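A.B. asks: Curious how this folds, go ahead:
(one chain, ligands or ions: 2)
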Amino acid sequence: MTNIFEGNLVGTGLKVGIVVGRFNEFITGKLLDGALDALKRHGVNESEVDIAWVPGAFELPLIAQKMAFSKKYDAVITLGTVIRGATPHFDYVCNEAAKGINATALASGIPVIFGVLTTDSIEQAIERAGTKAGNKGWDSATAAIEMANLCRTIEQ
Ligand SMILES: Nc1c(NC[C@H](O)[C@H](O)[C@H](O)CO)[nH]c(=O)[nH]c1=O
Ligand SMILES: CC(=O)[C@@H](O)COP(=O)(O)O
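C.D. replies: Ligands and ions are numbered 1, 2, ... in the order given. Here you go, the predicted structure:
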């Protein structure tokens, strides 16, 4: 009999940390709203959710790392919005955020979810923050619940 491991979407009893970038807050605030709505609707108690604000996406990995290594959380969600400008700065911010967030997950063994929009335009960001292309914050929250439960299952 083949064993299949997959995480369910029951959030009851989970503790979740959220790190959100303040840069482009008119978008990241909507991502946070979506994430909090998804966590609540999947049973995560709002008293079990901690939110940390950082200046921008480049700072997400450090605080995600502190949360993950604190061992207080079943999952950490990072939320940010990086919108391409006129210089290569976009590439550096996106690459370092992604690398740092992934490295934190692998080093800590705690799911650290990449909920960072990396778009070429404000319109693309708006579409992914609760309009025609959904809400990346919601998606990140459900991924966090699934991964937290998957980890619990495998580690039993
Ligand atoms: N341009 C964007 C930034 N830039 C700021 C960096 O994230 C960082 O806070 C700064 O370089 C100081 O270390 N951040 C975003 O989140 N989104 C952007 O579009
Ligand atoms: C993604 C960014 O850092 C960007 O907003 C900066 O804009 P610019 O490249 O025009 O300085």
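A.B. asks: I'd like to know how far V10 sits from R41.
C.D. replies: Using CB to CB, to the nearest Å, V10 is found at 11 Å from R41. For the C-beta atoms, the positions are set from N, CA and C on the backbone; glycine is no exception.
A.B. asks: Hmm, I typed the wrong one, I wanted I154.
C.D. replies: 25 Å.
A.B. asks: dump the residue contacts of the closest residue to K136 other than its chain neighbours.
C.D. replies: In space, and not counting its chain neighbours, K136 is closest to R128: 5.0 Å by CB to CB, 6 or more residues apart in numbering. Contact analysis of R128 by CB atoms under 8 Å, 6 or more residues apart in numbering lists L117, T119, G134, N135, K136.
A.B. asks: from those, which is closest to ligand 2?
C.D. replies: Nearest to ligand 2 among the contacts of R128: T119, at 9.6 Å, using CB to the nearest ligand atom.
A.B. asks: what about that closest one, how many neighbours?
C.D. replies: By the measure other CB atoms under 10 Å, the count of residues near T119 is 20.
A.B. asks: Partner strands of the helix or strand hosting L117, with direction?
C.D. replies: Per DSSP states H and E, L117 falls inside strand 112-119. Its sheet considered, strand 112-119 pairs with strand 75-83 (parallel) by DSSP bridges.
A.B. asks: From the rest of the structure, what touches the helix or strand following the strand it pairs with?
C.D. replies: The helix or strand immediately downstream of strand 75-83 is helix 89-108, counting by DSSP H and E. Helix 89-108 is contacted from outside by 56-58, 60-62, 64-65, 68-69, 76, 78, 80, 82-84, 110-112, 114, 116, 118, using CB under 8 Å, 6+ apart.
A.B. asks: out of the residues you listed, which touch ligand 1?
C.D. replies: G56, A57, F58, G80, V82, I83 (CB under 6 Å from any ligand atom).
A.B. asks: quick one: contacts for the residue of the chain found nearest ligand 2?
C.D. replies: Nearest residue of the chain to ligand 2 (CB to the nearest ligand atom) works out as G85 at 2.2 Å. Counting by CB under 8 Å, 6+ apart, G85 touches no other residue.
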